[in-house]
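Asks: Pasting a predicted model and its sequence here:
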Amino acid sequence: MIELLLLAGEDLVDTVSDALMELDALSVSVEDADAGTEAEQALFGEPGLPPPKGGWGRSTLRALFPTEEAATEAATLLLAQPWASEVHVVAMQPVPDQDWVRLTQSQFHPVEITPEFWIVPTWHEPPAQARRVIRLDPGLAFGTGTHPTTRMCLRWIAQQAPALAPSWQRVLDYGCGSGILAIGAALHGAQAIDAVDIDPAAIESTQANAQANGVTLRAGPPELAQGRYPLVLANILATPLKLLAPLLCGHVAPGGHLVLAGILERQADELAEAYAPWCRLEVSDQEDGWILMTGRPGTPA
Ligand SMILES: C[S@@+](CC[C@H](N)C(=O)[O-])C[C@H]1O[C@@H](n2cnc3c(N)ncnc32)[C@H](O)[C@@H]1O
């Protein structure tokens, strides 16, 4: 494989990316050319919302080609375009052969939720002190335990389970991703678990991960969630969580618990306001700028 590296300004990033794909690039990725310097710009937006900008002030485009001839031909044709005078070829270099499986695996280690509760990839042995273990490998769906939002939900489950698990006769995991929260709840005594997601890949992943962990649950689209649950977990993001407020609160059984994650510290007030007609949300945990908010619908703010 040959990697062609180009430098382009913000206004040309889309045009150059499209042109590279037209010129038979196998893939094109875009990075901030100023990453790691004082000029680095953070660009992020929530899913479902347009990105704040089309690209960085100076972007590096990495295009992969199967051969050097293909990369050279693409660069020549691209630079001949009338709009390409400000596009520069930075490098054309072979991509070193790697054991991609081993490289990916080396990035995932056992994750401690509590000293007794761990997430462990299948290529690792569980630590000796682990009493409850979710075996999970990274896949297409979100939720490997490496993100603070997932860890806070699991920590809440582990901490509350001794007192509350007997009441978890039904549990709803709304936005289940890999199914990690549903499986975590099952390992702590929850029964009759419904795990729902708008993404078919997440539903498939949840079913597979549940089976691999010997957990019985129902996974499906959001319509699968019916009636009330003593525990409703939703690790999504602030914007969808606000839109879902009446629906999620409507699924919590009287006296039940609502656990919300995917919320940044600065979004606490807007979330509390959105949920105020149904319950008072409190910040129950925080990690790396993310917060966990919990509430008990039926006690209006
Ligand atoms: C951040 S991931 C959380 C995955 C997992 N529950 C965890 O805690 O790691 C959010 C998941 O919510 C799903 N999702 C987003 N919006 C949704 C919606 N309106 N209804 C149901 N699921 C949604 C996404 O497809 C994604 O799988």
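Replies: Received, thanks. If you're wondering where the values come from, they're calculated on a predicted model, not measured in any experiment.

Asks: Are we agreed that residue 112 is in a helix?
Replies: No. Per DSSP: H, G, I helix; E, B strand; the rest coil, residue 112 lies outside any helix segment and is strand.

Asks: can I see the domain layout of the chain?
Replies: When the chain is parsed into structural domains using automatic domain parsing, the resulting residue ranges are 2-94, 102-295.

Asks: from the middle of its chain, how far away would stretch 179-197 be?
Replies: Here the centre of mass of C-alpha atoms in stretch 179-197, compared against the chain's by CA atoms, centre = their mean, to the nearest Å, lies 18 Å away.

Asks: tell me the mean pLDDT over that stretch?
Replies: In this model, stretch 179-197 has an average pLDDT of 97.

Asks: ok, now stretch 119-128?
Replies: 93.

Asks: Contacts only, for the residue of the stretch 1-150 of the chain found nearest the ligand.
Replies: Evaluated by CB to the nearest ligand atom, the stretch 1-150 of the chain has residue 143 as its residue closest to the ligand, separated by 2.9 Å. Using the backbone N, CA and C atoms, a C-beta is placed for each residue, glycine as well. Applying CB atoms under 8 Å, 6 or more residues apart in numbering to residue 143 gives the contacts 136, 150, 176-181, 235.

Asks: Pull up the residues of this structure that are close to the ligand.
Replies: Counting by CB under 6 Å from any ligand atom, the positions of the chain adjacent to the ligand are 141-143, 150, 153, 174-177, 180-181, 196-199, 202, 222, 235-236, 240, 262.

Asks: PyMOL command for the buried members of those?
Replies: If you want just the buried ones from the residues of the chain next to the ligand in PyMOL, going by 16 or more other CB atoms under 10 Å, the selection is:
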select buried, resi 141+142+143+150+153+174+175+176+177+180+181+196+197+202+235+236+240+262
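
Asks: follow-up on the earlier one: could you export the contacts of residue 143 to JSON lines, including columns for secondary structure?
Replies: Written out in JSON lines, the entries for the contacts of residue 143 read as follows (three-state DSSP):
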{"residue": "136", "secondary structure": "coil"}
{"residue": "150", "secondary structure": "helix"}
{"residue": "176", "secondary structure": "coil"}
{"residue": "177", "secondary structure": "coil"}
{"residue": "178", "secondary structure": "coil"}
{"residue": "179", "secondary structure": "coil"}
{"residue": "180", "secondary structure": "helix"}
{"residue": "181", "secondary structure": "helix"}
{"residue": "235", "secondary structure": "strand"}
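
Asks: Closest to the ligand out of the residues you listed?
Replies: Distance to the ligand, by CB to the nearest ligand atom, is smallest for residue 177 among the contacts of residue 143, at 2.5 Å.
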